[in-house]
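Peer 1: Turn this into a model:
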Amino acid sequence: MDTTPSAQDLWEGIAGHFDSITQILCEFIDNSISNFDGNNLSTRTIHLQFDQQKNGDVTIQIEDTGTGMGNLEPVMRLGDRTSRETPLNEHGFGLKHALASANPDNNKWKLFTRTEAEFKKRKFRLIEAPYKYDLQPKELSSDKWPGGLNGAGTVIQFDCSEMMFNTIQKGVKGKAGFERCLDYLREELGYTYAGMIEKGKATITIASKRGPYNRTVEAVKPQWVDYYKPEPGIVQRDLGGGKLTIEYAFGEMKEGSHVKHYKRNMATSGVEIRINGRILSSRLFQEIWDIEPHPSYNHFLGTINLVSDNREALPRTRTSKNGIRSGDEKLESLFQWIKNLHTTPEKRLAGAISEGELVKELAELKSKHIRGKQKKISTEFSVFTKVGSPVDVDLYVYDGNELVIYEAKKDRADVQDLYQLLMYWDGAISDGRKPDEGILIAADFSPGVKPMLELLNLKKDELGNHYNFSTKKWADEGIQYPKL
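Peer 2: Predicted structure coming up:
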């Protein structure tokens with residue numbers, strides 16, 4: 001009885017393990033970083049190239065400066081773990097799953113690789129679609145090498161549909177263009193590999209001939225307002241498979257300037273778990289404390305990083321490495337340890353003050369200092385009402401003579417907040433009101449705010465008057481925040 005499945009049927013069957021092209025790319029990046037770590041390499045570059053074709057399909061190439069793949073047979077055999085080098089190579093399925101998910105038609109993928117010895121001989125090997133049980137590598141001369149990096153390494157190429165490419169923007173509203181999707185990918189990779197990028201385990205770049213686009217992926221890390229007890233720390237612990245190191249922190253996060261991550265909302269709060277700096281799971285509430293995520297916890301963040309080169313000491317991950325397997329004893333041990341360490345996520349940091357409370361305090365101060373009978377000071381004032389799309393201004397101050405509008409940020413204000421203020425100004429004019437000054441108030445400002453403010457003040461509004469924007473810190477208005 002022959003139970004050998006059709007290679008094509010098998011390929012199609014393993015093609016559904018990833019939810020987005022980003023997860024697929026992470027599988028290839030995992031393999032590269034594992035190779036860097038397993039061989040203690042000093043050069044650790046991963047270069048991603050994207051080129052959109054006229055029909056909308058996207059050709060993607062991933063190149064690394066690794067050692068190359070010596071024996072391709074275990075690499076291409078499903079479930080073979082003999083070639084794994086670090087905990088990032090856990091299952092023996094990842095490369096094949098990723099290629100199948102990227103190119104389920106099994107007709108447009110290629111893998112090029114060369115060892116240091118092959119590089120010196122100006123040779124490399126190629127295996128390409130379709131996947132079959134008797135894959136035979138081709139040996140070619142290096143003048144046909146498709147990559148741009150020098151030395152040993154591996155290049156993976158495949159074509160994916162425009163629909164598959166657009167899964168990069170999963171979780172972001174609207175429809176992004178090609179380069180904007182690359183920006184989203186850059187953020188996602190910066191979040192996924194934040195700990196590894198910070199420690200110099202890899203340099204990842206994203207490029208496209210279109211634009212041209214060429215950017216380095218930077219670590220996406222949380223910014224903290226303050227920490228809960230216990231203070232951030234490092235401990236040694238055995239979860240049931242040997243000792244490992246746990247790096248932990250619990251606290252209130254600031255609202256980040258990123259599109260998807262650390263936004264102080266339900267989608268980005270909770271506990272995130274990393275293994276050796278690579279994200280494995282996030283937004284954990286119910287799994288640990290048996291409570292549902294709720295807006296009252298939007299500020300709360302817990303970060304757990306498990307550090308170990310011993311696979312047996314770590315919780316088991318899903319085959320696609322986009323999560324940790326439920327029911328794993330080491331995972332349950334970790335959850336219990338977290339719960340013992342931090343018994344429940346606080347709904348609010350002790351002594352903390354919210355952005356809304358700061359604005360309310362400012363409104364009260366203005367109300368005391370402005371004595372005119374015609375004054376109007378409001379934290380609930382809308383503009384764009386005449387066009388039927390009301391937008392609330394953070395603070396509206398009219399002293400009977402001049403109108404000042406405020407955009408408020410509790411901590412750091414960015415250029416996008418200045419454009420929010422610009423929108424308030426234009427909205428007031430749309431409603432028949434003439435602002436005299438627009439103030440962006442915050443505890444601190446990003447470097448781009450000042451030059452952009454100066455540029456906007458050179459422009460004129462619909463009434464023909466120059467915009468008049470300025471910045472102030474909370475202390476400038478008599479509010480002691482942040483407290484020293």
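Peer 1: where do the helices sit along this structure?
Peer 2: Ranges of helices in the chain, per DSSP state H, are 7-13, 21-38, 72-76, 94-102, 116-120, 162-165, 178-192, 194-198, 286-289, 329-341, 355-369, 415-430, 449-456.
Peer 1: Any chance of JSON lines for those helices, columns distance to K229, mean neighbour count and mean pLDDT?
Peer 2: The C-beta positions use only the backbone N, C-alpha and C, and glycine is treated the same way. What follows is those, written out as JSON lines (distance: least, C-beta to C-beta, whole Å; neighbours: other C-beta atoms under 10 Å; pLDDT from 0 to 100):
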{"stretch": "helix 7-13", "distance to K229": "49", "mean neighbour count": "15", "mean pLDDT": "68"}
{"stretch": "helix 21-38", "distance to K229": "34", "mean neighbour count": "23", "mean pLDDT": "94"}
{"stretch": "helix 72-76", "distance to K229": "48", "mean neighbour count": "17", "mean pLDDT": "82"}
{"stretch": "helix 94-102", "distance to K229": "39", "mean neighbour count": "24", "mean pLDDT": "84"}
{"stretch": "helix 116-120", "distance to K229": "51", "mean neighbour count": "14", "mean pLDDT": "96"}
{"stretch": "helix 162-165", "distance to K229": "45", "mean neighbour count": "16", "mean pLDDT": "92"}
{"stretch": "helix 178-192", "distance to K229": "27", "mean neighbour count": "21", "mean pLDDT": "96"}
{"stretch": "helix 194-198", "distance to K229": "23", "mean neighbour count": "20", "mean pLDDT": "96"}
{"stretch": "helix 286-289", "distance to K229": "16", "mean neighbour count": "16", "mean pLDDT": "94"}
{"stretch": "helix 329-341", "distance to K229": "10", "mean neighbour count": "16", "mean pLDDT": "95"}
{"stretch": "helix 355-369", "distance to K229": "23", "mean neighbour count": "15", "mean pLDDT": "91"}
{"stretch": "helix 415-430", "distance to K229": "32", "mean neighbour count": "19", "mean pLDDT": "95"}
{"stretch": "helix 449-456", "distance to K229": "35", "mean neighbour count": "15", "mean pLDDT": "96"}
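Peer 1: Generate JSON lines for these, with distance to L48 as supplementary columns.
Peer 2: Listed next are those as JSON lines, based on distance: least, C-beta to C-beta, whole Å:
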{"stretch": "helix 7-13", "distance to L48": "23"}
{"stretch": "helix 21-38", "distance to L48": "7"}
{"stretch": "helix 72-76", "distance to L48": "20"}
{"stretch": "helix 94-102", "distance to L48": "13"}
{"stretch": "helix 116-120", "distance to L48": "21"}
{"stretch": "helix 162-165", "distance to L48": "12"}
{"stretch": "helix 178-192", "distance to L48": "8"}
{"stretch": "helix 194-198", "distance to L48": "14"}
{"stretch": "helix 286-289", "distance to L48": "32"}
{"stretch": "helix 329-341", "distance to L48": "31"}
{"stretch": "helix 355-369", "distance to L48": "37"}
{"stretch": "helix 415-430", "distance to L48": "27"}
{"stretch": "helix 449-456", "distance to L48": "30"}
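Peer 1: Among these, which comes closest to I246?
Peer 2: helix 329-341 (7.7 Å; C-beta to C-beta).
Peer 1: Any regions of this structure where pLDDT drops low?
Peer 2: For the chain, the stretches flagged by pLDDT under 70 are 1-7, 9-10, 12-17, 78-87, 89-93, 318-326, 348-352, 484.
Peer 1: just to revisit the earlier point, nearest to S142 among the helices of the chain would be which one?
Peer 2: helix 116-120 (7.2 Å).
Peer 1: so what's the residue of the chain positioned farthest from its centre closest to, chain neighbours aside?
Peer 2: Here the chain reaches farthest from its C-alpha mean at K373, the gap being 50.6 Å by C-alpha atoms, centre = their mean. Closest residue in space to K373, ignoring its immediate chain neighbours: G400 at 7.0 Å, by C-beta to C-beta, 6 or more residues apart in numbering.
Peer 1: cool, and N55?
Peer 2: Nearest one to N55, counting by C-beta to C-beta, 6+ apart, is E162 at 8.0 Å.
Peer 1: on that earlier part again, ok, which of the helices of the chain comes nearest T303?
Peer 2: helix 194-198 (9.5 Å).
Peer 1: Tell me which residues touch N214, please.
Peer 2: N214 makes contact with 205-208 under the criterion C-beta atoms under 8 Å, 6 or more residues apart in numbering.
Peer 1: okay, now the residue nearest to K373: neighbour count?
Peer 2: Neighbour count of G400, defined by other C-beta atoms under 10 Å: 12.
Peer 1: Of the helices of the chain, which is nearest I273?
Peer 2: Closest to I273 of the helices of the chain is helix 329-341 (C-beta to C-beta; 7.6 Å).
Peer 1: counting contacts, what elements does that closest one pack onto?
Peer 2: With contacts taken as 3 or more C-beta pairs under 8 Å, 6 or more residues apart in numbering; DSSP states H and E, helix 329-341 sits against strand 243-253, helix 286-289, strand 300-307.
Peer 1: orientation of the first one relative to helix 329-341 in degrees?
Peer 2: Read that as strand 243-253. 50 degrees (axes from the mean of the first three to the mean of the last three C-alpha atoms, to 10 degrees).
Peer 1: Other residues contacting strand 243-253?
Peer 2: 222-228, 230, 232-238, 262, 264, 269, 299-308, 310, 313-314, 334, 337-338, 341-342, 345, 349, 352.
Peer 1: what's the closest of the helices of the chain to T45?
Peer 2: T45 sits nearest to helix 21-38 of all those, at 8.9 Å, using C-beta to C-beta.
Peer 1: And that closest one, what does it pack against?
Peer 2: Applying 3+ C-beta pairs under 8 Å, 6+ apart, we find helix 21-38 packed against strand 45-52, strand 58-64, helix 94-102, strand 153-160, helix 178-192.
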